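1. Fold the following.
(2 chains)
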Amino acid sequence: MSLISTLARMEAVASGSAQPLATVRHRRISDRPLVLVPLTTAGEAGAPLGALVGTERDAPRLLTVAQPRDRDLRFAFLGELAEAVLPYLDEYADAVEPAERSEADPETGKRVKVTVELCADAPQIVVPSRPGIDFVRLLGRSMRFRRTAEEDPDAAYPAPPRVPLLGRWLTHYGERARVPGSSLLLAATDLLNRHWATGQSSLEDQHLGALLAWIDPPGSLSGADAALHAELDRDPAGQLVCPPAGPATDPAFDNKLLAPAVEAYDRARQALAAAEDGPRAEERLARLTAAEHAIRALLADVMRPTWDSVWHALDLLRELPEGGRVADRWTRDRWSFTGHRDRVRAGEPPQPRHDDAVTAAQKLASRESAQGQLEAQEALDDPLVLAGRRLSGEAFLSEVTEVVMAYSESRRPSPRPLVTVRTDDRPQLGEGVKVYRSLDGKPQSAEFVRYEEDGSPVLRLTDRMGRAKDPAPGSVPEKGDRIAWTLFEHDQRGGPKLPDPEDTPWTHGGPPGADGTPGVGAPDGSGAARGSYGRTGTDAAVGPDPMTEEDFL
Amino acid sequence: MRGNAFEAKVKADGGTELLRLLVERLGGTEPPPGPGAAATPDLSASGPEGRVARTALALREATGSGGWTLLDHPLLALEVAGSPAYLEPDAVVVRPDGRWTVVEIKSFPMIDGSADPSKVGAAARQAAVYVLALERVAARTAGAEVADRVLLVCPRDFSNLPTASVVDVRKQLSVTRRQLARLTRIEDIADTVPEGTTFDLEHCSGDELTAAVDSVPASYAPECLAACELAFHCRARSREADAVEALGRGVRGELGGLTTVASVLAAAHGESGDPRDPTVAALRRAAELRAEALASAAAAPGRTGGGDGRDGPGPAGSLSACEAASTGGTSSSGATTTSTRTRSRAGTGEAAATGHGHGRSASARTES
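-> Here you go, the predicted structure:
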């Protein structure tokens, strides 16, 4: 935590309400996001218990699993989830616009521009908290290798149609959520924490109810008091008034309410199976239905507050104006969505269990550059973020006091004007240090030359002044201009090119599939050599998970 | 519940499957024993002391036998702060060469060869304590040695089939050893508490217990909330005292001698503190910059920056790392070496992310 955000937290403690950490919104909030509130079964390592899902805040779709240990019921749940999520994704897949992308020509190897489709907008999924994002990844992993009856008629336990497809999409969204600054899959707590500082620790900030209470306390309560109520208040029956945002549930709810309800459901089911004649079976079926409804009502009650909180959080965030460079990052998200749409349509196999060395390195590199880009763009969009960088000497605000025209000493002299500025900040300038400013949205660079006697730094502009002898109009600052300079670059440069997966060096396990290990289906997935699950691997690399009598997802 | 069922499944058949996994993961010259070939001595006895003695005896016999032995739920004793604590590992395997290996069976899944790091970490810390307790017994047993690598058995992917992974607990061992050595003895702690204080839950009223708890000091940090039932109590006291730690341990690092929120804010707003103190100076500067930025944003509502729609793919490192590089003055050659090394490590996966970022950006900066 930087000093400036620590200070914001302390101000929040003193004032009893959350303090802003940003003056603009740094993430895209879609006009029509899909909100997903999942719940998982305690002690069953990720077996889904229920979910609220939908794009309409007044009409969430309730999906539940009455007995989480029953595979058929879990599959039915996942099938319903696919029916709720996939049509939403499909809506965005066909609204496209032409875009240019440079690609290597397969014959000549040169970079050429090709026109491809780019989805005009991308679907956005919002979950309540960061464990919710992990759960989306887990659901994706559990579904994408399943086989439906159509794909594999011999499967002992075929998955409902479209479930493997949902698994691939959720995996893609889960992966994308790891890219800094991306907005395809967002957690409400992360969004709020980016924009407000509360008077509690970052661990406590993971509680969506308490976090919202700090930012927008109900009634006349102070944020601090409201947060305490949200954390601790229980009704006379001992249940939390503000249930946890999930996917884990409160133990008191599991033991006192859910377990008896599930037990009643099991009994009703056994009774139905034991029924001997028609009228009795009918009566027992009615009881089973009633037991199922009781579970649905319980889960709906415990998820509804979280559902409302997520929409409340989205309302609060929409009040902030969107940062200028958010659209740029959203375009990348659109590319990501379009790319995966194309892979699905081209019939490519699901994402492998393990990335091969080259893919992993590429992912890391792109996340790093996304991180750098995010930090630079947030600072450029938001004076409050820039303030943090100014405090650490990585940026400075200045007023131009003098501009002296000068030229480079080459055969064809180009303009290299010397700009003297006055600043109260303490940037870490040294000889030859480059600084950047934003000129019509593009970075213009300059280098530090010397300090004047009164301590004012002198900068030499080095680019973006056109090809002529005289600099292009507007490209050189004038006396009195107030300019924010940064010591960090505004754009990220590409790193060295990585080899193709087929040329993976032996130090990294060699090319995928070259070591002769069959892919999955080998008796031991965890011990098999790395790299054997590469995208280029054969069909065996994407074999289904083995199914046993008791699975948990 | 699933945990117990899974553990029973792993140990079924006299531990044949468990021993097969152990040999497969840990290697060794001996082949795994066939079904029923490993000894599984009965460890039941009356009282914890009896079970501890029975376990020690079984371990000695197993070590001398030169065969495979699986001890199911042995009981070990370890002295913690001057009083004995009893520990019950899931299983201990004695190999024909006299090596003892701790087996920890957990019900969280290992998906594609990796499990939740926080849960694996907790399991490793737990197993390290068992290894420590076993070492005490091994010291008194001829030919015995305790392995510092333990076997973690988990369900594989989404099934209930067992898979295993070897966890090296040397680090956890040394940490636990050090912590046990410097733990204040219980008698010494008792001496600091006022005479007559009791935490007896059965014979005390709520008020008495509250008073008793209030009489002992606590050093609260937000991490306590995940582990301790008294955390809310300590948090309330910490907040009452206006302590900065209530906001997180890391907060203390940059605040020097300022320990209360009020003193930090007073220093930041120029009401107290010595301006020559670097902490106070930095706080004042931070408060000024923050106020200025908020004022400028308020003056121009709806302010947005210029959009720059260029896609510049490719990495150049994270900017937080830039800070380190620009202050650290890394030499160009040094930075490049780091860069090469981290680059070659990148293929191993996510774990390299942080170090990678530093290396790369250091080189990017010094090149420019």
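
2. from here on, contacts and neighbour counts on C-alpha atoms
-> Will do.

3. Need the distance between the two termini of stretch A:247-257.
-> 17 Å (Cα to Cα, to the nearest Å).

4. before we move on, what about stretch A:420-440?
-> 21 Å.

5. Then stretch A:148-161?
-> End-to-end distance (Cα to Cα), stretch A:148-161: 6 Å.

6. Just the CA atoms of stretch B:17-25, as CSV, please.
-> Taking C-alpha atoms only, stretch B:17-25 is exported to CSV below (Å, rounded to 0.1, in the frame of the first residue of the first chain):
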residue,chain,number,x,y,z
GLU,B,17,-2.4,-47.8,-2.7
LEU,B,18,-0.9,-45.4,-0.3
LEU,B,19,2.5,-47.2,-0.3
ARG,B,20,2.4,-47.5,-4.1
LEU,B,21,2.0,-43.7,-4.3
LEU,B,22,4.7,-43.2,-1.8
VAL,B,23,7.3,-45.3,-3.7
GLU,B,24,6.2,-43.7,-7.0
ARG,B,25,6.7,-40.1,-5.7
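
7. Quick check: mean pLDDT of it?
-> What stretch B:17-25 shows for mean pLDDT is 90.

8. cool, stretch B:225-232 as well?
-> On average, stretch B:225-232 scores 89.

9. State the pLDDT value of B:A236.
-> 92.

10. Near it, how many other residues are there?
-> 13 (other Cα atoms under 10 Å in any protein chain shown).

11. Show residues contacting the one helix or strand it maps to.
-> Counting by DSSP states H and E, the element that carries B:A236 is helix B:231-240. Contact partners of helix B:231-240, identified using Cα atoms under 8 Å, 6 or more residues apart in numbering or on different chains, comprise B:218-222, B:224-225, B:245-246.

12. please redo it, this time with the cut-off set to 7 Å
-> Helix B:231-240 is contacted from outside by B:218, B:220, B:224-225, B:246, using Cα atoms under 7 Å, 6 or more residues apart in numbering or on different chains.

13. Among these, name the buried ones.
-> Neighbour counting by 16 or more other Cα atoms under 10 Å in any protein chain shown classes B:220, B:225, B:246 among those as buried.

14. ok, and which of those reach chain A?
-> B:A246 (Cα under 7 Å from any Cα of the partner chain).

15. The buried ones among the contacts of helix B:231-240 into JSON lines, with extra columns for secondary structure?
-> JSON lines is the format used below for the buried ones among the contacts of helix B:231-240 (DSSP: H, G, I helix; E, B strand; the rest coil):
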{"residue": "B:Y220", "secondary structure": "coil"}
{"residue": "B:L225", "secondary structure": "helix"}
{"residue": "B:A246", "secondary structure": "helix"}
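
16. between the buried ones among the contacts of helix B:231-240, which is closest to chain A?
-> Relative to chain A, the closest of the buried ones among the contacts of helix B:231-240 is B:A246; by Cα to the nearest Cα it sits at 6.7 Å.

17. how about that closest one, what does it touch?
-> B:A246 touches A:201, B:221-222, B:235, B:238-239, counting by Cα under 7 Å, 6+ apart.

18. Look up how far A:P180 lies from the closest residue to chain B within the stretch 401-550 of chain A.
-> At 3.2 Å from chain B, A:G494 is the closest residue in the stretch 401-550 of chain A, using Cα to the nearest Cα. As judged by Cα to Cα, A:G494 and A:P180 stand 17 Å apart.

19. ok, the two, which is more surrounded?
-> Set A:G494 next to A:P180 and count neighbours by other Cα under 10 Å: A:P180 wins out with 18 against 15.

20. Doesn't A:A264 lie inside a strand?
-> No. A:A264 is assigned helix when assessed by three-state DSSP, not a strand.

21. element containing the residue of the stretch 51-200 of chain A found nearest chain B, please.
-> Per Cα to the nearest Cα, A:Q200 is where the stretch 51-200 of chain A lies closest to chain B, at 5.3 Å. Per DSSP H and E, A:Q200 falls between elements, in no helix or strand.

22. For the nearest residue to it once chain neighbours are set aside, give me the backbone phi and psi.
-> Closest residue to A:Q200 apart from its sequence neighbours, by Cα to Cα, 6 or more residues apart in numbering or on different chains: B:L247 at 5.3 Å. Here the main-chain torsion angles of B:L247 (degrees, to the nearest 10) amount to phi -90, psi 0.

23. What is the lowest-mean-pLDDT helix or strand in chain A packed up against?
-> Lowest mean confidence among the helices and strands of chain A (mean pLDDT, DSSP states H and E): strand A:96-104, at a mean of 85. Counting contacts by 3 or more Cα pairs under 7 Å, 6 or more residues apart in numbering or on different chains; DSSP states H and E, strand A:96-104 is packed against strand A:111-119.

24. Please identify the pairing partners of the strand it packs on and their relative orientation?
-> strand A:96-104 (antiparallel) (DSSP bridges).

25. what sits up against the partner strand?
-> With contact meaning Cα under 7 Å, 6+ apart, strand A:96-104 is reached by A:110-120.

26. What of stretch A:465-478?
-> By Cα under 7 Å, 6+ apart, the list of residues contacting stretch A:465-478 reads A:400, A:403, A:414-415, A:464.

27. Out of the residues you listed, name the ones that lie in strands.
-> A:400, A:403 (DSSP state E).

28. distance of the closest residue to chain A within the stretch 1-150 of chain B from A:R353?
-> For the stretch 1-150 of chain B and chain A, the shortest gap (Cα to the nearest Cα) falls at B:G113, measuring 4.1 Å. Distance of B:G113 to A:R353, given as Cα to Cα: 9 Å.

29. who has more neighbours, those two?
-> A:R353 (22 against 18).

30. Is it correct that the more buried one is in contact with B:I111?
-> No. The criterion here is Cα atoms under 7 Å, and A:R353 misses it with B:I111 at 9.1 Å.

31. those helices in the stretch 101-250 of chain A, which residues are they?
-> Remark: helices assigned in the stretch 101-250 of chain A by DSSP state H, counting those that start in this stretch are A:130-144, A:163-176, A:188-195, A:208-215, A:223-232.

32. deepest of the ones you listed, which one?
-> helix A:208-215 (a mean of 28; mean count of other Cα atoms under 10 Å in any protein chain shown).

33. who's in contact with it?
-> For helix A:208-215, using Cα under 7 Å, 6+ apart, the contacting residues are A:17-18, A:189, A:198, A:205, A:223-224, A:226-228, A:230-231, A:242, A:245.

34. Skip ahead from the helix holding B:A236 and say which helix or strand is next.
-> helix B:261-268.
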